[in-house]
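In: Fold the stuff below for me.
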Amino acid sequence: MDENRNFNNDDFIENPKEYEEDVVEEPDEVEASEEESFHEDEFTTEKIESEEYIIPNDIYIGREDKGEEENQAKEKKRKSFRGSLISYIALALVASLVGGIGSIYIGPILYGNLLPNPNNSQYVSSTPINIVPNDDINTVSAVAKKAMSSVVGITTVEVQQLPFPFFSSQELEGVGSGVIVDSNGYILTNSHVVADGRAKSVNVLFENGDEKPGTVLWNDSLLDLAIVKVDATNLPVADLGDSDDLEVGEIVVAIGNPLGLEFQRTVTAGIISGLHRSIRVNNNVIEDLIQTDASINNGNSGGPLLNSKGEVIGINTAKIKSAEGLGFSIPINQAKAIVEEVIEHGKYQTVVMGITGASVVDYQRTFGVRLPVESGVVLIQIHEDTPAQEAGLLIGDIITKIDDVPIENMNQLKKTLYKYKQGDKATLTINRTNTVLEIEIEFTHIK
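Out: Predicted structure coming up:
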């Protein structure tokens, strides 16, 4: 049953401003004012000439013929002033226009050639970088549309025995996710989603609303992987990608059932934040994981982590409880060989070496001794009639590599053996009494 395992995190270009000359607007006001004043004079003159006034006897008013000539002179002066004002306005407009053109076309030529350009930077990009903001949104949408039908919900019921003094049992329900890897009903998920094989019942919910009972064909708690089989055909199958060809920063999409079926097939997106991560969950160290900031919550376990092509590159397994944006997925390449074997034979059997061992760290702590290497597996027992005995391994040998894979503990050694099939050979790098040796071993036994 799923509880998406949570654990504590111990372990400018400057645009020139266009200035409008005040003189462009002010002359109109001045002209209007003068015209207005002129009209008022005309009105006053006409009014004076048309109205009759009583003139005191001691005051005499004389009119001379030159009054009309003076009025004509004033009119001529006003027109002359008006013409010169219009000329000033036209000149100001032309100057503004020339200045604007000069600042746009001539300024950039002067700057950087005759004058220092304050906007020049010493860093010049020779290759333009084009970013299209909608790419990520379109990618996520396309990935979700492609992979959604291959994602399933998994519900389980587990019978758990209560400790003393109750001496009774209780049924626990769990919810997780899975992904269809074969059209004939084979579904890949986490081992903890199916209670490490102890689930009393397993039900699989499909996108179209169908629900079918499932059977756990194989699971391994060290890898935290399991394969569930349902009686169905022509199911939509997810494309499997290559988890060995990943880079930090790639866009990834997670699909699952966070917090139960109420939010089933929720899509979250992020990037690959790290590769080859190791975490400790329930006294089990899971290694070589993909770290992502795509939101992963309880119920996402067993669901796929997809790349920008809509290919499954990981199976979501855990998150850090005390932090946001720290989720982890099992690389899909760890599951490919297992999936193929289970589909072909209905089960998966691993090769065995025939040894009992302990990590260098645990061995030194237990026996208080100092070994010549800092990591590896110390052989404590060699079983009879096994590949280890036939290869000539001895008690006390320290296995540090299997082919090119470094070995630090027994869990890592067991998981490395999943890559091999019966009849395969491998080269073991060992340290024997401070001497480095390479020994070939053939995996003739399986379990």
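In: Can you tell me, leaving aside adjacent residues, what's nearest to residue 306?
Out: residue 253 (4.7 Å; CB to CB, 6 or more residues apart in numbering). (Glycine included, C-beta is placed from N, CA and C.)
In: That neighbour sits in which helix or strand?
Out: strand 251-256 (DSSP states H and E).
In: Note down every partner strand of that strand and its orientation.
Out: strand 266-281 (antiparallel), strand 304-306 (antiparallel) (DSSP bridges).
In: how about those, which one is nearest residue 176?
Out: strand 304-306 (12.4 Å; CB to CB).
In: Toward the C-terminus, what is the element adjacent to that closest one?
Out: strand 312-320.
In: Now do the strand holding residue 253, average pLDDT.
Out: Strand 251-256 comes out with an average pLDDT of 94.
In: just to revisit the earlier point, out of the strands paired with strand 251-256, the one nearest residue 407 is which?
Out: Among the strands paired with strand 251-256, strand 266-281 sits nearest to residue 407 (CB to CB), with 13.8 Å.
In: Which residues does that closest one contact?
Out: Outside strand 266-281, the residues that touch it by CB atoms under 8 Å, 6 or more residues apart in numbering are 5, 7, 11, 136, 140, 144, 148, 224, 246-258, 285-296, 300, 318, 320, 325-326, 328.
In: Kindly write the PyMOL command that selects the buried subset of these.
Out: The following PyMOL line selects those of the contacts of strand 266-281 that are buried, judged by 16 or more other CB atoms under 10 Å:
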select buried, resi 5+7+140+144+224+246+251+252+253+254+255+256+257+258+286+287+288+289+290+291+292+293+294+295+296+300+318+320+326+328
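In: taking the contacts of strand 266-281 one by one, which sit in strands?
Out: Among the contacts of strand 266-281, the ones falling in strands (DSSP state E) are 5, 7, 251-256, 285-292, 318, 320, 328.
In: where does the stretch 1-150 of the chain dip in pLDDT?
Out: Within the stretch 1-150 of the chain, the ranges that satisfy pLDDT under 70 run 1-85, 87-88, 90-91, 94, 96-137.
In: So which bits of the helix or strand hosting residue 356 are buried?
Out: For residue 356, the enclosing helix or strand under DSSP H and E is strand 355-359. Of the residues in strand 355-359, those with enough neighbours to count as buried (16+ other CB under 10 Å) are 355, 357-359.
In: between those residues, which is nearest residue 179?
Out: Nearest to residue 179 among those, with distances taken as CB to CB, is residue 359, at 33.2 Å.
In: That closest one: what's it in contact with?
Out: 375-378, 408-410.
In: Any quick ChimeraX command for the buried ones out of these?
Out: The buried subset of the contacts of residue 359, as determined by 16+ other CB under 10 Å, is captured in ChimeraX by this line:
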select :376,377,378,408,409,410
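In: Tell me the one among the contacts of residue 359 nearest to residue 368.
Out: residue 378 (13.8 Å).
In: dump the residue contacts of that closest one.
Out: 357-360, 363, 371, 396-398.
In: where's the residue nearest to it when sequence neighbours are not counted relative to residue 243, distance?
Out: Take residue 378 and drop its neighbours on the chain: the residue closest to it by CB to CB, 6+ apart is residue 363, 4.6 Å away. From residue 363 over to residue 243 the distance is 32 Å, taken as CB to CB, to the nearest Å.
In: Which of these two has more residues huddled nearby?
Out: Ranked by neighbour count (other CB atoms under 10 Å), residue 363 and residue 243 place residue 243 first, with 24 against 18.
In: how far away is that one from residue 395?
Out: In terms of CB to CB, residue 243 sits 37 Å off from residue 395.
In: Contact partners for residue 347?
Out: Residue 347 touches 217-218, 341, counting by CB under 8 Å, 6+ apart.
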